[in-house]
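Colleague: let's see this in three dimensions:
(one chain, ligands or ions: 2)
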Amino acid sequence: MTGPALRHLESHHAIHESAHQEAEAMTALLERAVERKDMGLAVQIAVVLIEHWETRTLCHAASEEQGLYLEISQVEPDKESVVQALTRDHELMRMAVEEIKEFLNNTQSMEEVVRRFHLLLWIENTHSRDEERRLIATLKKKPGTAS
Ligand SMILES: [Fe+2]
Ligand SMILES: [Fe+2]
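Modeller: Ligands and ions are numbered 1, 2, ... in the order given. I've put the predicted structure just below:
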């Protein structure tokens, strides 16, 4: 069963925003380290940033798929195509994170790693706005709940 925070637009939006702002700030730090050619620091930041994506946004995505999305698909079958599109976004984010890990392990260009983190931010931001607008804002109330 999904907790109330994911079903309410304001609290769900706040979860998206805090993870996004932290990732954005860390990406800016990474970019500056790469510009200064401080590759030791850049790799350290990239490793922490990957962990941030995994423990915040990808964990959030997994809990949505295991709870909220399943509940919505069952109660509001007309939203099935939206749920499928949003699940595909989650998959793209997982793929981007795995690709960044491979880039780091194979010591590929750090400029490319920075570009992938920016791409990830863009996918996540677009996904979050879509999820809030197409799914959460139009959610039907659960039977027997006051809010
Ligand atoms: Fe999501
Ligand atoms: Fe979400």
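
Colleague: give me the pLDDT for the residue nearest in space to the middle of the chain.
Modeller: Taking C-alpha atoms, centre = their mean, the centroid of the chain lies closest to residue 57, which sits 3.7 Å from it. Reported pLDDT at residue 57 in the predicted model: 98.

Colleague: ok, it to ligand 1 distance?
Modeller: Separation of residue 57 from ligand 1 (C-beta to the ion, to the nearest Å) stands at 8 Å. The C-beta positions use only the backbone N, C-alpha and C, and glycine is treated the same way.

Colleague: tell me the SS of residue 108?
Modeller: Classification of residue 108 into helix, strand or coil gives coil, according to DSSP: H, G, I helix; E, B strand; the rest coil.

Colleague: can you name the residues that contact the residue nearest to the centre of the chain?
Modeller: Contacts for residue 57 (C-beta atoms under 8 Å, 6 or more residues apart in numbering) come out as 19, 23, 93, 124.

Colleague: what do you get for residue 5?
Modeller: For residue 5, the contact set (C-beta under 8 Å, 6+ apart) comprises 11, 12, 15.

Colleague: report the spatially nearest residue to residue 127, omitting neighbours in sequence.
Modeller: Excluding its sequence neighbours, the residue lying closest to residue 127 (C-beta to C-beta, 6 or more residues apart in numbering) is residue 89, at 4.0 Å.
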